[in-house]
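> Just to be clear, the model below is a prediction. Sequence and coordinates:
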Amino acid sequence: MSETIATLLHETRRFPPSEAFKAQANANDPAIYDQAEADWKGWWASWAEKLDWYEPWNEVVSWERPNAKWFSGGKLNACYNAVDRHVEAGRGDKLAFIAEGEPGDVRTFSFAQVKDRVSQIANGLKAQGVVKGDRVCIYMPMGPELAFTMLACARIGAPHSVVFGGFSADSLADRINDAQAKVLVTADGGWRRGGIVALKKIADQALAKGCPSIEKVLVYERVGAPGTLTEGTVTPEYDRGEWRPGRDLWWSEAIDGQSQDCPCEPMEAEDLLFILYTSGSTGKPKGVMHTTGGYLTGVLATSKLVFDLKDDDVFWCTADCGWITGHSYIVYGPMANGVTQIIYEGSPDTPNKDRFWRIIEQHRVNILYTAPTAIRAFMKWGDAYPASCDLSSLRLLGTVGEPINPEAWIWYNEKIGGERCPIVDTWWQTETGAIMLTPLPGIVATKPGSATRPFPGLLASVYSEDGVDVGLEHKGEDVGGLLVLKRPWPSMIRGVWGDPQRFKETYWDRFEDAYFAGDGAKIDAEGYYWILGRVDDIMVVAGHNISTMEVESALVGHPAVAEAAVIGKADPLKGQAIAAFVIIKAGWEPNDALVKALRDHVANEIGPIAKPSTIIFTADVPKTRSGKIMRRLLRDIAEGRVLGDTTTLADPSVVNALKDQYSTPQPA
Ligand code: WTA
């Protein structure tokens with residue numbers, strides 16, 4: 001990218017909050033932005049004060065780039081703030097979780113019950129020798145016990161490292177070894193699409209690769225335990241792995257008999273709360289470190305204002321706790337706010353494609369937070385599924401994880417939100433810990449596809465390649481560049497576990513005075529941010545910078561297209577030529593006429609320069625398990641290379657099918 005990104009998107013629709021929403025919103029006075037800006041340290045301190053501390057802090061923040069310390073001298077416990085304080089305030093009977101398993105079993109837990117359960121798990125971990133500072137690796141199916149285990153670790157000051165239950169044995173072993181985890185907590189299995197993911201077997205395979213730091217393996221009986229499934233559920237056959245006496249312990253034996261009394265360990269504000277691995281585009285995954293006081297402050301504030309949380313809300317974030325979204329917006333943020341939440345174990349199309357809408361109807365969900373990739377799948381499945389359910393309880397919708405194309409945004413607004421619910425498009429990262437760019441739903445008019453503006457107290461901008469701040473200086477016109485954060489924030493990454501050099505190089509060396517997020521972005525004339533995707537997702541076609549996302553958005557805007565993945569393919573003439581992998585909707589024919597129609601459509605929407613030179617119709621595109629399109633693999637296919645690393649793919653068969661298809665001639 002030689003110049004700033006010239007984006008060609010032109011979305012003009014805007015959606016101000018309704019008077020009714022505004023009137024009841026937690027934040028509805030635009031002055032909140034100026035107030036936070038005028039005294040950003042005071043702003044964050046005012047949120048930290050809403051937490052319970054054992055000892056007060058001496059200094060809000062000290063900043064010696066790239067090392068930040070927030071609320072130094074203060075002592076608190078994350079589990080106490082998420083659980084105990086609600087019980088002590090007399091709200092112990094309030095529901096913390098309504099947990100629905102994929103087979104249909106529903107269990108509920110009040111805050112008092114969560115406290116008892118978490119205390120037992122904490123005592124169980126202690127009984128296996130876990131002490132403050134020890135790392136505990138958690139490899140469990142999505143469910144309340146996963147959240148409880150994280151909280152149990154926080155309770156005793158043992159940092160957790162959650163590994164998503166869809167990761168392979170290799171990925172698990174790498175993460176265990178990098179963190180030098182002492183105990184692994186897993187399960188016999190978890191339900192997914194009517195089958196069982198054999199977690200214990202995969203954990204055995206990981207340990208067989210050599211994980212000398214692991215002393216004990218605690219195995220929660222999700223599938224095998226009596227009483228956790230609805231009567232009549234038939235469990236499919238699955239591999240239970242091999243029991244290793246002395247190392248392996250059943251949860252029912254190690255936890256159920258423990259005392260429900262376990263004191264919370266007072267932690268320093270800067271003590272490590274957790275490590276969470278995030279994959280870089282190259283090299284091994286990075287163990288992103290988050291500490292206690294600042295992280296909790298960030299997730300408390302953003303949960304409360306972005307999701308407009310009220311005491312009687314039922315909040316549903318559909319992420320798995322294996323991702324940062326589940327850490328920040330299931331376990332720590334909403335719980336610190338004392339809100340009732342849904343936890344759902346399985347896939348959105350089991351037993352039918354209306355599963356999410358049934359859950360919303362049945363449990364009267366008020367706030368739904370999900371990902372664009374899911375929304376596009378729902379669009380593809382058709383309007384009839386949500387239309388058949390009562391979604392009138394919903395009052396706010398959110399998205400996260402990737403840019404949402406305007407068509408999907410509009411569909412979400414109409415078919416799910418009934419044109420009544422504000423949509424918060426939230427941009428953030430594992431590294432930022434909490435939401436960074438987002439509308440405050442009672443204040444900011446939204447534009448489909450824009451994450452709107454920085455959360456109060458943050459300073460963001462876009463920089464040119466050579467580090468000029470083009471964002472803050474812009475005068476009434478669009479500017480594009482590299483997204484940066486220019487001021488420390490409480491939930492910021494504190495380091496890469498075991499690799500301070502990589503921490504510095506990845507985030508802080510690119511620019512001397514800002515955090516480099518790795519995303520391209522545009523700021524429009526009104527100061528709204530439009531995320532264009534990862535910087536390596538920018539194509540340079542005949543000297544023009546075009547983001548893969550805007551071509552994908554244009555394609556998905558055509559009625560025939562359900563989903564599109566776009567890459568820049570090396571081209572001797574243009575530098576890069578655009579190749580589009582397109583999934584079409586039922587009822588359309590993948591023929592030459594459609595290829596032409598789609599190319600013309602993109603030319604009309606964006607300009608002839610963005611016209612894909614190749615369009616490949618496909619049944620699927622390779623995605624990571626968190627739903628991000630693996631463009632690197634598509635480039636490998638398009639440029640005829642040997643395929644790179646495919647271990648993080650949700651469905652590895654997709655690439656081989658595509659490869660075969662790519663070698664058969666396509667219409668020009
Ligand atoms: C992308 C997920 C556009 C972005 C919380 C970021 C988004 C990466 C959005 C972080 C959004 C996340 N609009 N892009 N609203 N939210 N992203 O670490 O590229 O899994 O850098 O954290 O997802 O992904 P991560």
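Great, that's in hand.
> The residue in the stretch 101-250 of the chain that the ligand sits nearest to and Arg641, how far apart?
Relative to the ligand, the nearest point of the stretch 101-250 of the chain is Phe164 (10.6 Å; Cβ to the nearest ligand atom). Placement of C-beta: from N, CA and C, glycine included. Phe164 sits 28 Å away from Arg641, going by Cβ to Cβ, to the nearest Å.
> between these two, who's got more neighbours?
Phe164 (21 against 10; other Cβ atoms under 10 Å).
> Surely that one touches Trp323?
Yes - between Phe164 and Trp323 a contact is recorded at 6.5 Å, counting by Cβ atoms under 8 Å.
> shared neighbours of these two, which are they?
Residues touching both Phe164 and Trp323 (Cβ atoms under 8 Å, 6 or more residues apart in numbering): Ser626.
> doesn't Pro454 make contact with Trp428?
No - with contact defined as Cβ under 8 Å, Trp428 does not reach Pro454; the gap is 10.8 Å.
> Between the two ends of stretch 415-430, how far is it?
The straight-line separation of the ends of stretch 415-430 (Cα to Cα, to the nearest Å) is 30 Å.
> in it, what's buried?
For stretch 415-430, the neighbour count (16 or more other Cβ atoms under 10 Å) marks 415-417, 421-430 as buried.
> and it, what's its mean pLDDT?
Averaging pLDDT along stretch 415-430 yields 97.
> hmm, it in reach of the ligand?
Yes - Stretch 415-430 lies within reach of the ligand by Cβ under 6 Å from any ligand atom, at Asp425, Thr426, Trp427, Trp428, Gln429, Thr430.
> Give me the distance from the worst-scoring helix or strand of the chain on mean pLDDT to the chain's centre.
Least confident helix or strand, the chain: strand 544-547 with a mean of 72, by mean pLDDT, DSSP states H and E. Distance of strand 544-547 from the chain centroid (Cα atoms, centre = their mean, to the nearest Å) equals 26 Å.
> ok, the spatially most central residue of the chain - contacts?
Centroid-nearest residue in the chain: Thr325, 3.7 Å away (criterion: Cα atoms, centre = their mean). Contact partners of Thr325, counting by Cβ under 8 Å, 6+ apart, are Cys317, Ala319, Tyr369, Val400, Gly401.
> Tell me how far it lies from Gly627.
Counting by Cβ to Cβ - Thr325 and Gly627 are separated by 11 Å.
> quick one: common contacting residues for those two?
Shared between the contact lists of Thr325 and Gly627 (criterion: Cβ under 8 Å, 6+ apart) are residues Gly401.
> For the stretch 251-400 of the chain, just list every one of the helices.
Secondary structure of the stretch 251-400 of the chain (DSSP state H, counting those that start in this stretch): helices located at 251-254, 293-306, 324-326, 333-336, 355-363, 372-381, 384-387.
> nearest to the ligand, of these?
helix 324-326 (5.1 Å).
> which residues does the nearest residue to Phe274 once chain neighbours are set aside bridge with?
Distances taken as Cβ to Cβ, 6 or more residues apart in numbering put His160 closest to Phe274, at 4.9 Å, once the chain neighbours are dropped. Beta-bridge partners recorded for His160 (DSSP bridges): Val136, Phe274.
> burial count for His160?
Neighbour tally, His160, other Cβ under 10 Å: 25.
> What is the biggest helix by length in the chain packed up against?
The residue-count maximum for a helix in the chain (DSSP state H) belongs to helix 111-127. Other helices and strands packing on helix 111-127, by 3 or more Cβ pairs under 8 Å, 6 or more residues apart in numbering; DSSP states H and E, are strand 95-100, helix 144-156, helix 251-254.
> Need those in JSON lines (columns: mean pLDDT, distance to the ligand and mean neighbour count).
Formatted as JSON lines, the helices and strands packed on helix 111-127 follow (pLDDT from 0 to 100; distance: least, Cβ to the nearest ligand atom, whole Å; neighbours: other Cβ atoms under 10 Å):
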{"stretch": "strand 95-100", "mean pLDDT": "98", "distance to the ligand": "22", "mean neighbour count": "22"}
{"stretch": "helix 144-156", "mean pLDDT": "98", "distance to the ligand": "17", "mean neighbour count": "27"}
{"stretch": "helix 251-254", "mean pLDDT": "96", "distance to the ligand": "29", "mean neighbour count": "18"}
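> Throw these into JSON lines and include distance to Ala198, thanks.
Compiled in JSON lines, these are given as follows (distance: least, Cβ to Cβ, whole Å):
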{"stretch": "strand 95-100", "distance to Ala198": "21"}
{"stretch": "helix 144-156", "distance to Ala198": "17"}
{"stretch": "helix 251-254", "distance to Ala198": "16"}
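> in stretch 24-43, what's buried?
Neighbour count says stretch 24-43 has Ala25, Ala27, Asn28, Ile32, Tyr33, Gln35, Ala36, Trp40, Trp43 buried, by 16+ other Cβ under 10 Å.
> That one: end-to-end distance?
With Cα to Cα applied, stretch 24-43 spans 22 Å between its terminal residues.
> Distance from the chain centre to that stretch, please.
That offset, for stretch 24-43, works out to 26 Å (Cα atoms, centre = their mean).
> now it: mean pLDDT?
98.
> Show residues contacting it.
By Cβ under 8 Å, 6+ apart, stretch 24-43 touches 17, 22, 60-61, 304-305, 308-310, 440-443, 453, 456-457, 459, 487.
> Only whichever of the residues you listed are buried, select them in PyMOL.
In PyMOL, this line selects whichever of the contacts of stretch 24-43 come out buried by 16+ other Cβ under 10 Å:
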select buried, resi 17+22+60+61+304+305+308+309+310+440+441+442+443+453+456+457+487
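> Just the ones of the contacts of stretch 24-43 in strands?
Val60, Val61 (DSSP state E).
> Tell me who's in contact with the residue of the stretch 301-450 of the chain found nearest the ligand.
When distances are taken as Cβ to the nearest ligand atom, the stretch 301-450 of the chain reaches nearest to the ligand at Thr430, 3.4 Å away. Contacts of Thr430 were listed using Cβ under 8 Å, 6+ apart, and they are Leu276, Thr278, Val288, Trp323, Ile324, Ile493.
> In space, what's closest to the last one - neighbours in sequence excluded?
Translated: Ile493. Per Cβ to Cβ, 6+ apart, closest to Ile493 is Glu431, 4.1 Å.
> and what of Ala371?
Spatial nearest neighbour of Ala371, excluding adjacent residues (Cβ to Cβ, 6+ apart): Gly401 at 4.1 Å.
> Met335: neighbour count?
26.
> Can you tell me the SS state at the closest residue in space to it that isn't next to it in sequence?
Among residues not flanking Met335 along the chain, Ala82 sits closest, at 3.7 Å (Cβ to Cβ, 6+ apart). With DSSP: H, G, I helix; E, B strand; the rest coil as the basis, Ala82 sits in helix.
> Looking at Lys75 now. What's its pLDDT?
98.
> Give me the distance between Glu589 and Phe164.
Distance from Glu589 to Phe164, by Cβ to Cβ: 38 Å.
> Looks like Leu634 contacts Val621 (just checking).
Yes - contact criterion Cβ under 8 Å: Leu634 and Val621 qualify, at 7.1 Å.
> Show me what from the stretch 451-600 of the chain comes close to the ligand.
Within reach of the ligand by Cβ under 6 Å from any ligand atom, the stretch 451-600 of the chain has these residues: Ala451, Ala517, Gly518, Asp519, Ile531, Gly533, Arg534.
> Out of the residues you listed, grab the one that's most surrounded.
Within those, most neighbours by other Cβ under 10 Å means Ala451, with 26 neighbours.
> And the closest residue to Gln120 other than its chain neighbours, its phi and psi?
Using Cβ to Cβ, 6+ apart and skipping residues adjacent in sequence, the residue nearest Gln120 is Gln258, 4.1 Å away. The phi and psi torsions at Gln258 (degrees, to the nearest 10) take the values phi -70, psi 160.
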